[in-house]
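Enquirer: take this sequence and fold it.
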Amino acid sequence: WVWADSAYPLEPWCIPPFKKPHNGRLTRNQRTFNYHLSKIRVCVEHTFAVLKGQFQSLRELRINIQTEKDLQIAV
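Expert: The predicted structure follows:
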């Protein structure tokens, strides 16, 4: 799975946080899930920052992965 921020839609492979409904509040379980998801995302973002600091070539790395071949090139 990919843990994402709220800009991404819910997909079988993508797990964004729960959004607050227009007419109410999130349940306790949903708030707990969002809290833990946020902790994971912060950790991942810090890890990327460390990697970019260690490997300067990653700073400008931009690869658009659309096909299996693109994925093989990226890896």
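Enquirer: how many neighbouring residues does F33 have?
Expert: A count of neighbours around F33, defined by other Cβ atoms under 10 Å, yields 15. In this view, the C-beta of every residue, glycine as well, is placed from N, C-alpha and C.
Enquirer: spit out the contact partners of it.
Expert: Residues in contact with F33 (Cβ atoms under 8 Å, 6 or more residues apart in numbering) are 17-18.
Enquirer: repeat the analysis, applying 7 Å as the threshold.
Expert: F18 (Cβ atoms under 7 Å, 6 or more residues apart in numbering).
Enquirer: so T47 sits in a helix?
Expert: Yes - per DSSP: H, G, I helix; E, B strand; the rest coil, T47 lies within a helix segment.
Enquirer: just the pLDDT for it.
Expert: Listed pLDDT for T47 reads 92.
Enquirer: check T32 too.
Expert: Value for T32, per-residue pLDDT: 97.
Enquirer: cool, and P17?
Expert: On pLDDT, P17 comes in at 93.
Enquirer: what about it, how many neighbours?
Expert: P17, neighbours per other Cβ under 10 Å, totals 21.
Enquirer: which SS class is the nearest residue to it once chain neighbours are set aside?
Expert: Leaving aside its sequence neighbours, P17 sits nearest to N34 (Cβ to Cβ, 6 or more residues apart in numbering; 4.3 Å). State at N34, reduced to three classes by three-state DSSP: helix.
Enquirer: same check on the one 10 residues further on?
Expert: For V44, the reduced secondary structure class is helix; criterion used: three-state DSSP.
Enquirer: how many other residues sit next to it?
Expert: As a burial measure, V44 scores 11 neighbours (other Cβ under 10 Å).
Enquirer: grab the nearest non-local neighbour of it.
Expert: W3 (7.1 Å).
Enquirer: now F18: how far from S6?
Expert: Applying Cβ to Cβ, to the nearest Å, the value for F18 to S6 is 9 Å.
Enquirer: distance between the lowest-mean-pLDDT helix or strand in the chain and the chain's centre?
Expert: In the chain, no helix or strand scores lower on mean pLDDT, DSSP states H and E than helix 68-74, which sits at a mean of 78. Using Cα atoms, centre = their mean, to the nearest Å, the mean C-alpha position of helix 68-74 is found 20 Å from that of the whole chain.
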